[in-house]
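Chemist: structure for this input, please:
(one chain, ligands or ions: 1)
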Amino acid sequence: MTDQVKAIWIRDPLAILADDAGRGIVVKGGKIVELVASGSQPTIQAAVFEARDHVVLPGLINTHHHFYQTLTRALPAALNRELFPWLQALYPVWARLTPEALDLAVTVAMSELLLSGCTTTTDHHYVFPAGLEDAIDIEVAVARKLGMRVLLTRGSMNRSQRDGGLPPEAVVQDEDTILADSERVVAKHHQRGEDAMVQIALAPCSPFSVTTSLMRATAALAERLDVRLHTHLGETEDESRFCEQMHGCRPLEYLEECGWLNARTWLAHGIHFRAQEMKRLAKAGTTISHCACSNQVLASGSCPVCDMEEAGVLIGLGVDGSASNDQSNLMQEVRSAFLVQRARYGVSRVSHKDALRWATRGSAACVGRGELGEIAVGRAADLALFKLDELRFSGYGDPTAALVLCGAHRADRVMVAGEWVVSDGTIPGLDMGDLIRRHSAAARAMQMAKP
Ligand SMILES: [Zn+2]
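Modeler: Residues are numbered from 1 along each chain as shown. Reported below is the predicted structural model:
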């Protein structure tokens, strides 16, 4: 081979979510450089990866999560509660988060995501107790180690119970500290351009935990630094009531007043929006992360995805949690979103392909990365390859439909930017047994400690 950069031909896949790529695709230099049609050969020399047992998907993109919550999965005090009491049960436990525990939680969440076929993830980290000032730096380091593409958000809370908010004093910070650190982490970590592996967005937590002043200042800072904006909105009726009482308007009007209703913003949940509000979201180019599992666990309702799409709003998927999901498996989230929306809208409006589209192209729009989420020439070489050799698939007909309908949950191979980060269903170099032991011990210490 004359060229320095090695090309790989992912040859003869069992199925592939792309047109005219029956004989597979060629990747090189972190990009997809060729689709190989049935009966054809690649036009460039390439090493072969034999994919005849694999269904090849664009890497899935997770648009909403809280990695640290893997430390409080299925916590007894939070079981069987709706969002507000659920949060009130968990805030005091989260206040005990340490840098070491966060490092383990992030490693666990990202590993779970990678193994489920996710190649790009966001995280919404908004808990900064004393001593955890470097939370985002810790997350960046883990992402680099695992080779995952990330859009990490510098979250924030500054409205505690003292100011009529929901969280206790121990987990909030003041506005100046939040804005200064937001600027710091963007300057230090945010990469620009199509090859970016680490990006930063700004993410005040929710209307009931953040002041109007911080919402406005964050929007202005995001505009100045040219980064994306994220928050929870339209998750529960409690939130709508809180907005009406505190601000005299509905959540979306509040968002607009704060300078957030624009194409920079993607919102987690988007359940309780009215038809007119969906049109305003569409016009603004604001996108929605649909979190089907979390919404079911907390009985928050479900995002009206088809109505949203008909209004022109783009929809991605998010695992949320992992204290409300309580897993970080994006392929399972695809199945969950498919089932929830199928039940809501019927067989003619929702197919397995829609659910896969939300987790790929839709999610790419949420994270503002048009070069991701599609198998096409020039797009990033971010891929998820699944085998259908488990008991759950035995007897399948359509291989791609089988992934969603039979409940695929573990990818065999995952590629990010042209590099294999999952091989034979494992993450090379990661001692999973040791990780589980250390993460479980950190979780127990956090859950058992006295406040
Ligand atoms: Zn969330």
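Chemist: where are the low-confidence patches of the stretch 1-150 of the chain?
Modeler: Scanning the stretch 1-150 of the chain with the threshold set as pLDDT under 70 gives 1-3.
Chemist: need the contact list for H64.
Modeler: When contacts are counted by CB atoms under 8 Å, 6 or more residues apart in numbering, H64 touches T122, H124, H230, A268, H269, S289, C291, G318, V319, D320. (C-beta placed from N, C-alpha, C; glycine too.)
Chemist: return the distance of it relative to P99.
Modeler: Separation of H64 from P99 (CB to CB, to the nearest Å) stands at 23 Å.
Chemist: do the same with G24
Modeler: Relative to P99, G24 is positioned 43 Å away (CB to CB).
Chemist: more crowded one of these two?
Modeler: Neighbour totals were compared for G24 and P99, and G24 leads with 29 against 14 (other CB atoms under 10 Å).
Chemist: same list, the contacts of H64, but as a markdown table with neighbour count, secondary structure and distance to A143 please.
Modeler: A markdown table is the format used below for the contacts of H64 (neighbours: other CB atoms under 10 Å; DSSP: H, G, I helix; E, B strand; the rest coil; distance: CB to CB, whole Å):
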| residue | neighbour count | secondary structure | distance to A143 |
| --- | --- | --- | --- |
| T122 | 27 | strand | 11 |
| H124 | 24 | strand | 15 |
| H230 | 28 | strand | 17 |
| A268 | 30 | strand | 20 |
| H269 | 29 | strand | 24 |
| S289 | 29 | strand | 19 |
| C291 | 34 | coil | 21 |
| G318 | 30 | coil | 17 |
| V319 | 33 | coil | 16 |
| D320 | 31 | coil | 19 |
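Chemist: among those, show me the least confident.
Modeler: Ranked by pLDDT, the contacts of H64 bottom out at D320, which has 93.
Chemist: ok, that one touching H66?
Modeler: Yes. At 7.2 Å, D320 and H66 qualify as touching, with contact defined as CB atoms under 8 Å.
Chemist: tell me the secondary structure for V142?
Modeler: Assigned with DSSP: H, G, I helix; E, B strand; the rest coil, V142 falls in the helix class.
Chemist: I meant V48, not that one.
Modeler: strand.
Chemist: contacts only, for G370.
Modeler: A364.
Chemist: let me see the confidence value for it.
Modeler: Reported pLDDT at G370 in the predicted model: 95.
Chemist: now G433, what's its secondary structure?
Modeler: The assignment at G433 comes out as helix when based on three-state DSSP.
Chemist: run through the helices of the stretch 51-200 of the chain in chain order.
Modeler: 83-94, 99-115, 135-146, 175-189 (DSSP state H, counting those that start in this stretch).
Chemist: CA atoms of the second one as CSV?
Modeler: Yep, that's helix 99-115 we're talking about. Provided in CSV are the C-alpha atoms of helix 99-115 (Å, rounded to 0.1, in the frame of the first residue of the first chain):
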residue,chain,number,x,y,z
PRO,A,99,-13.7,12.9,42.0
GLU,A,100,-12.8,9.2,42.4
ALA,A,101,-16.4,8.0,42.4
LEU,A,102,-17.2,10.2,39.4
ASP,A,103,-14.2,8.8,37.4
LEU,A,104,-15.6,5.3,38.0
ALA,A,105,-19.2,6.3,37.2
VAL,A,106,-18.1,7.9,33.9
THR,A,107,-16.1,4.9,33.0
VAL,A,108,-19.1,2.6,33.7
ALA,A,109,-21.6,4.8,31.8
MET,A,110,-19.4,5.2,28.8
SER,A,111,-18.5,1.5,28.7
GLU,A,112,-22.1,0.5,28.8
LEU,A,113,-22.9,3.0,26.0
LEU,A,114,-20.0,1.8,23.8
LEU,A,115,-21.0,-1.8,24.3
